[in-house]
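> Structural data only, the sequence is not supplied:
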């Protein structure tokens, strides 16, 4: 048995998942669908994907019309990260479900009814696999100019689609191979100033996951070792720098979905502690002479290049900017979806304060401090205020409750392209949180 064989046997055969892991999956499904609904109404970046996808088919584009399964996954995938409001796995860090959920929604509406129990099982397996793959790296993928969230998320989405298609272990291996043939995630997505691809990036792996599973059901044969082979996933993207131990250790007994974090603010997870500290300080912006924001290995991308981060040109760039998000928190006293609209990006008060925000290097903050944050605020009267926080709100150690997530879902659903009334949104949220009892999960999401 190869590593690919072991993983594919697990994807196809895992069962008896305990209730805590299943409940964690229902929570991230609720959160993910809510964020996608909001993006269907708020994300201009996703409109081209919707226009291309809409047509005849059995699958729903959230907030819009119908489409064939691969195109529904494409459009819904474009919604997944468009608002940067979805769940995260802080330890790596990754977004394990942002392409898997759109792929899953397409698969459960494409053919015969799929039970809620089977949907939750598939998503639990896929999320866990993404986190395990992330832990397996012994050198960062960024060193080879790749963009990790898309790469690992694509494998997880492919696993979910394969499981929902009812593929056996051999055909699941074919599906992973077919995904590998479609997979790309250039690191330039982080560096280009004008692109919006960072916002809609999950459209591509979501669609590819559905295509891979459907082709595998038709008997298209893949590779014997799509993951660890001489030209497989780890060789191509990681240069062979990985350890299979973290993938296999406890696989099927311990589920990483229970360790996810949920976002109270719609921005990169690395900005959240600094946002919280800025809100906690509750200062008058006119009293602020300068702000230093602490940055470690991971946070550097949120302040570099500094001039761009102080005056971001696009909403997704603003969400990956410590100067902008901290300034928005201090000026507006909140950080909501409204703080990233076109008028906010040009707000003179936010931009003036963002220009005063500079990085303060913390060389002791490695990749294990990806969500740590700290501020050193110098006031015009000469006083200096310092604050640090090493675990962002929404982490399992500082969790959002089910009621918090239902409230977030309800607020997001009200911003859908086809807004849901509060009672309807609340009813749908409760259906998702009890989805294991549903015989036809696809019908639940025809909203």
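Received the coordinates, thanks. Predicted, not measured: the structure shown is a model, and the values here were computed from it. Numbering: from 1, shown residues only.
> Below-threshold pLDDT in the stretch 151-300 of the chain: ranges please.
Nowhere does the stretch 151-300 of the chain drop to pLDDT under 70.
> residue ranges of the helices in it, please?
All helices of the stretch 151-300 of the chain, identified by DSSP state H, counting those that start in this stretch, fall at 169-182, 197-200, 203-217, 233-238, 245-248, 272-281.
> which of these is buried the deepest?
The highest mean neighbour count among these, using mean count of other Cβ atoms under 10 Å, belongs to helix 203-217: a mean of 28. All C-beta atoms are positioned from the backbone trio N, CA, C, and that covers glycine.
> Taking helix 169-182 as reference, get the angle to that helix.
Counting by axes from the mean of the first three to the mean of the last three Cα atoms, to 10 degrees, helix 203-217 points 140 degrees away from the direction of helix 169-182.
> quick revisit: what's the closest of the helices of the stretch 151-300 of the chain to residue 134?
In terms of Cβ to Cβ, the element of the helices of the stretch 151-300 of the chain nearest to residue 134 is helix 245-248, at 8.7 Å.
> Show me how far the closest one is from its chain's centre.
The chain centroid and the centroid of helix 245-248 are separated by 22 Å under Cα atoms, centre = their mean, to the nearest Å.
> So that it lines up with my notes, have the first residue be 38 from now on.
Got it, the first residue is 38 from now on, which makes the last one we talked about helix 282-285.
> what's in contact with that helix?
Residues from elsewhere that reach helix 282-285 (Cβ atoms under 8 Å, 6 or more residues apart in numbering): 40, 43-44, 166, 169-170, 172-173.
> hmm, try it at 10 Å
Helix 282-285 is contacted from outside by 40, 43-44, 47, 166, 168-175, 264-265, using Cβ atoms under 10 Å, 6 or more residues apart in numbering.
> quick one on the thing from earlier: would you turn the helices of the stretch 188-337 of the chain into a markdown table with distance to residue 198?
Shown next, in a markdown table, are those (distance: least, Cβ to Cβ, whole Å):
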| stretch | distance to residue 198 |
| --- | --- |
| helix 206-219 | 7 |
| helix 234-237 | 19 |
| helix 240-254 | 4 |
| helix 270-275 | 16 |
| helix 282-285 | 20 |
| helix 309-318 | 31 |
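> I'd like to know which elements whichever strand or helix holds residue 156 is packed against.
Using DSSP states H and E, residue 156 sits in helix 153-173. With contacts taken as 3 or more Cβ pairs under 10 Å, 6 or more residues apart in numbering; DSSP states H and E, helix 153-173 sits against helix 40-50, helix 56-79, helix 137-147, helix 185-201, helix 270-275, helix 282-285, helix 459-470, helix 478-481.
> If we use 6 Å, what do you get?
If you count contacts as 3 or more Cβ pairs under 6 Å, 6 or more residues apart in numbering; DSSP states H and E, helix 153-173 packs onto helix 56-79, helix 137-147, helix 185-201, helix 282-285.
> Compare those helices and give me the one nearest residue 430.
Short answer: helix 56-79, nearest of those by Cβ to Cβ, at 14.4 Å.
> Next secondary structure after that closest one?
Next element after helix 56-79 (DSSP H and E): helix 84-90.
> which residues are in contact with that next one?
Applying Cβ atoms under 6 Å, 6 or more residues apart in numbering, the contact partners of helix 84-90 are 101, 104, 108, 111-112, 115, 240.
> gap between residue 437 and residue 429?
Counting by Cβ to Cβ, to the nearest Å, the gap from residue 437 to residue 429 is 11 Å.
> higher neighbour count, the two?
Taking other Cβ atoms under 10 Å, residue 437 and residue 429 do not tie; residue 429 has more neighbours (26 against 19).
> Might one say that residue 271 is in contact with residue 280?
No: the criterion here is Cβ atoms under 6 Å, and residue 271 misses it with residue 280 at 10.0 Å.
> Take the contacts of helix 84-90 and keep only those in helices.
Within the contacts of helix 84-90, residues falling in helices by DSSP state H are 108, 111-112, 115, 240.
> For residue 257, find the nearest of the helices and strands packed on helix 153-173.
Across these, residue 257 has its closest neighbour in helix 185-201 (12.5 Å, Cβ to Cβ).
> now the angle between helix 206-219 and the closest one, please.
Using the same axes, to 10 degrees: helix 185-201 against helix 206-219 is 150 degrees.
> Now do the buried residues in helix 185-201.
By 16 or more other Cβ atoms under 10 Å, the buried positions in helix 185-201 come out as 185-201.
> Surely residue 154 is in contact with residue 473?
Yes: applying Cβ under 6 Å, one finds residue 154 in contact with residue 473, separated by 4.9 Å.
> quick revisit: wait, which of the helices and strands packed on helix 153-173 is closest to residue 371?
Among the helices and strands packed on helix 153-173, the nearest to residue 371 by Cβ to Cβ is helix 56-79 (16.3 Å).
> Which of the helices of the stretch 188-337 of the chain sits closest to residue 478?
Using Cβ to Cβ, the nearest of the helices of the stretch 188-337 of the chain to residue 478 is helix 240-254, at 15.8 Å.
> got the contact list for that closest one?
86, 106-107, 110-111, 114-115, 136, 139-140, 143, 187, 190-191, 194-195, 198-199, 202, 204, 208, 211-212, 215-216, 219.
> follow-up on the earlier one: nearest to residue 458, of the helices and strands packed on helix 153-173?
The minimum distance between residue 458 and the helices and strands packed on helix 153-173 falls on helix 56-79, with 12.8 Å, by Cβ to Cβ.
> buried ones in the closest one?
58-59, 61-79.
> next one: stretch 368-376
Buried residues in stretch 368-376, defined by neighbour count with 16+ other Cβ under 10 Å: 368-369, 372, 374, 376.
> how far does stretch 288-298 stretch from start to finish?
End-to-end distance for stretch 288-298: 21 Å, by Cα to Cα, to the nearest Å.
> Out of the helices of the stretch 188-337 of the chain, flag the one nearest residue 464.
When the helices of the stretch 188-337 of the chain are compared (using Cβ to Cβ), the closest one is helix 240-254, at 26.3 Å.
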